[in-house]
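S.K.: Sequence and predicted structure, then a few things I'm wondering about:
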Amino acid sequence: MTVSLYISEKGSEFCVVGETGRKMGCYDSREKAEERLKQIERFSDVSTEVRLAYTDEQIVAIRKKWRASVNMSASE
């Protein structure tokens, strides 16, 4: 999965913007905006890898087990 992001200069700010126009944060320097852009790209890559490791059915089963364990520990 590729995330299309870019840095847009708005007045004295540098904003990380998604392809839909959604702002992902504005910063007072291009360097800070580039750092944020790299963070988002790293997170996107990790999320995709984790998602591909499990089928949808496996993810649903994992969530059900987790929710059950959270509910049990809350009642103890």
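M.R.: That came through, no problem.
S.K.: The closest residue in space to residue 28 that isn't next to it in sequence - how many residues pack around it?
M.R.: Distance criterion CB to CB, 6 or more residues apart in numbering; nearest residue to residue 28, sequence neighbours excluded, is residue 13 at 6.5 Å. Backbone N, C-alpha and C define where each C-beta goes, glycine included. By other CB atoms under 10 Å, 16 other residues sit near residue 13.
S.K.: Could you give the bridge partners of residue 13?
M.R.: residue 10 (DSSP bridges).
S.K.: And the pLDDT at it?
M.R.: For residue 13, the model assigns a pLDDT of 94.
S.K.: Could you do the one 3 residues further on as well?
M.R.: Per-residue confidence at residue 16 stands at 91 (pLDDT).
S.K.: Got the confidence number for the residue nearest to it when sequence neighbours are not counted?
M.R.: Spatial nearest neighbour of residue 16, chain neighbours left out: residue 24 (4.2 Å); criterion: CB to CB, 6+ apart. At residue 24, the pLDDT value in this model is 87.
S.K.: how close does residue 24 sit to residue 36?
M.R.: The spacing between residue 24 and residue 36, counted by CB to CB, to the nearest Å, is 7 Å.
S.K.: doesn't residue 10 make contact with residue 33?
M.R.: No: using CB atoms under 8 Å, residue 33 is not in contact with residue 10, being 10.7 Å away.
S.K.: Show me the helices in this structure, by range?
M.R.: Secondary structure of the chain (DSSP state H): helices at 30-53, 56-75.
S.K.: Need those helices in JSON lines (columns: mean neighbour count and distance to residue 17).
M.R.: Below are the helices of the chain laid out as JSON lines (neighbours: other CB atoms under 10 Å; distance: least, CB to CB, whole Å):
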{"stretch": "helix 30-53", "mean neighbour count": "13", "distance to residue 17": "10"}
{"stretch": "helix 56-75", "mean neighbour count": "10", "distance to residue 17": "30"}
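S.K.: Going by mean pLDDT, which of those helices comes out lowest?
M.R.: Mean pLDDT values for these show the minimum at helix 30-53, a mean of 75.
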